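**Q** Just the structure for this:
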Amino acid sequence: MFGRWLGSRAKSGTAQSNALTGIPVPQNAGMLSCRVLDPVSEPVQQAEFVVTDSAGRKVVGGETDPFGNVVATVPAGDYRLGVTAEGFTPFHGSATVTQGAHAGLGDVALQVAQPPQLPDPGDWEIEPSHTQIGFTARHIGMARIHGRFNTFAGAVRIADRMEDSAMHVIIDASSIDTNVQMRDDHLRSGDFLDVERYPTLEFYSERFVHRGGTRWGVTGALTLHGVSRTVTLDTQYLGLGNGLEGETRAACRATTELHREDFTLTWQTMLARGIAVVGPSIKIEMDIQIVPKG
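**A** Below is the predicted model:
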């Protein structure tokens, strides 16, 4: 059990304004709070927090404010609080929130995490069976859709200085898959990807920038629909591991956002035909594993 108990129990059937925050607290609810600090007692802003119930279900989540504070109104009950921040080891704590009261965990001091070991210098290749290249977009006037590319290949040359490394990825444009055959056929057509004229998408980078902790920016040229644009992959390096056969592999997650009009993808013909297509921006999400090139 952490912290101390403040506040008084609310009268039955009423909401009480919490003395700490001035926020009305509903009946059968209470407040949960803490302040997240680094090892020199400076607040950690934009640390991510998640409050889960006794069954492990997420109740509320978000980011710390500029002063490192976490403040949440939750139904009375037992909770686990998890806090994560780039470059620090995760924190996990427990608290019991009672009706009309404030459960304060006080100051939570995060410890600096050891950065994961980087891959050895040399030639590595993307392992397709453990890699996913997906995207999320929004239909014009409709809900989100999810898709992926099923066929791709890639190589990474790890330099003695990670910042001097290079990456080259080739994606088969015709392997686009949104789980709707008619939509996929039109995305492959001359109205959009035009896979007969532009059979591949390619990304090439020679710029790896360390952003602190496990975060890297990988900047390069993406060629799509015959047009090249500079894009940056916001990358989280996950470290080294071993496969089922004992082989060494490295893993990372990467995201970026593309604007289709940057690649002359206007889709006006598709709209004229009444085909529901995605909006002006597309979020690319990748889970990548690489293995030493054999």
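
**Q** residues contacting Cys252?
**A** Taking Cβ atoms under 8 Å, 6 or more residues apart in numbering, we find Cys252 in contact with Trp216, Thr235, Gln236, Tyr237, Leu238, Ile288. C-beta here means a position set from N, CA and C on the backbone, and glycine is covered the same way.

**Q** Was I right to think the first one contacts Val209?
**A** Translated: Trp216. Yes: counting by Cβ atoms under 8 Å, Trp216 touches Val209, with 6.5 Å between them.

**Q** Next one: Ala221 from Ile282, what distance?
**A** According to Cβ to Cβ, to the nearest Å, Ala221 stands 18 Å off from Ile282.

**Q** If you could redo that for Ala29, that was the one I meant.
**A** Distance from Ala29 to Ile282, by Cβ to Cβ: 40 Å.

**Q** out of the two, which sits in the more crowded spot?
**A** Remark: of Ala29 and Ile282, Ala29 carries more neighbours, 22 against 18, as counted by other Cβ atoms under 10 Å.

**Q** correct me, but the more buried one touches Gln99?
**A** Yes: contact criterion Cβ under 8 Å: Ala29 and Gln99 qualify, at 6.9 Å.

**Q** Overlap in contacts, those two.
**A** By Cβ under 8 Å, 6+ apart, the residues touching both Ala29 and Gln99 are Ala76.

**Q** Trp216 and Val209: which has the busier surroundings?
**A** Trp216 (21 against 13).

**Q** how about the nearest residue to the more buried one, chain neighbours excluded?
**A** Counting by Cβ to Cβ, 6 or more residues apart in numbering, Thr235 is the residue found nearest to Trp216 once chain neighbours are left out, at 4.4 Å.

**Q** Any figure for the gap between that neighbour and Gly226?
**A** Here Thr235 is placed at a distance of 26 Å from Gly226 (Cβ to Cβ).

**Q** Between the two, point out the one with more neighbours.
**A** Neighbours per residue (other Cβ under 10 Å) separate Thr235 from Gly226, with Thr235 holding more: 21 against 10.

**Q** Quick check: buried residues in the strand or helix carrying that one?
**A** For Thr235, the element it lies in under DSSP states H and E is strand 227-242. Using 16 or more other Cβ atoms under 10 Å as the test for burial, strand 227-242 gives Val231, Thr232, Leu233, Thr235, Tyr237.

**Q** so can I have CSV of those residues showing pLDDT and distance to His259?
**A** Converted to CSV, the buried residues of strand 227-242 look like this (pLDDT from 0 to 100; distance: Cβ to Cβ, whole Å):
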residue, pLDDT, distance to His259
Val231, 93, 10
Thr232, 96, 14
Leu233, 96, 16
Thr235, 95, 20
Tyr237, 92, 26
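
**Q** Leu224 and Pro199 touch, don't they?
**A** No: contact criterion Cβ under 8 Å: Leu224 and Pro199 do not qualify, at 11.7 Å.

**Q** circling back to that earlier point, now, which of the buried residues of strand 227-242 sits nearest Gly87?
**A** For the buried residues of strand 227-242, the residue nearest Gly87 by Cβ to Cβ is Tyr237; the value is 12.2 Å.

**Q** which residues does Thr89 contact?
**A** Thr89 neighbours (Cβ under 8 Å, 6+ apart): Leu110, Gln111, Val112, Ala113.

**Q** please redo it, this time with the cut-off set to 7 Å
**A** Leu110, Gln111, Ala113 (Cβ atoms under 7 Å, 6 or more residues apart in numbering).

**Q** That one and Ile282: what is the separation?
**A** Counting by Cβ to Cβ, the gap from Thr89 to Ile282 is 34 Å.

**Q** could you say which helix or strand contains the residue most central in space within the chain?
**A** Geometric centre of the chain, nearest residue: Thr255, 7.2 Å, by Cα atoms, centre = their mean. Element membership for Thr255 (DSSP H and E) is strand 248-259.

**Q** Need the pLDDT of His186.
**A** His186 carries a pLDDT value of 82.

**Q** Check which helices and strands the host helix or strand of it sits against.
**A** For His186, the host element (DSSP H and E) is helix 181-188. Packing contacts for helix 181-188, counted by 3 or more Cβ pairs under 7 Å, 6 or more residues apart in numbering; DSSP states H and E, involve strand 176-177.
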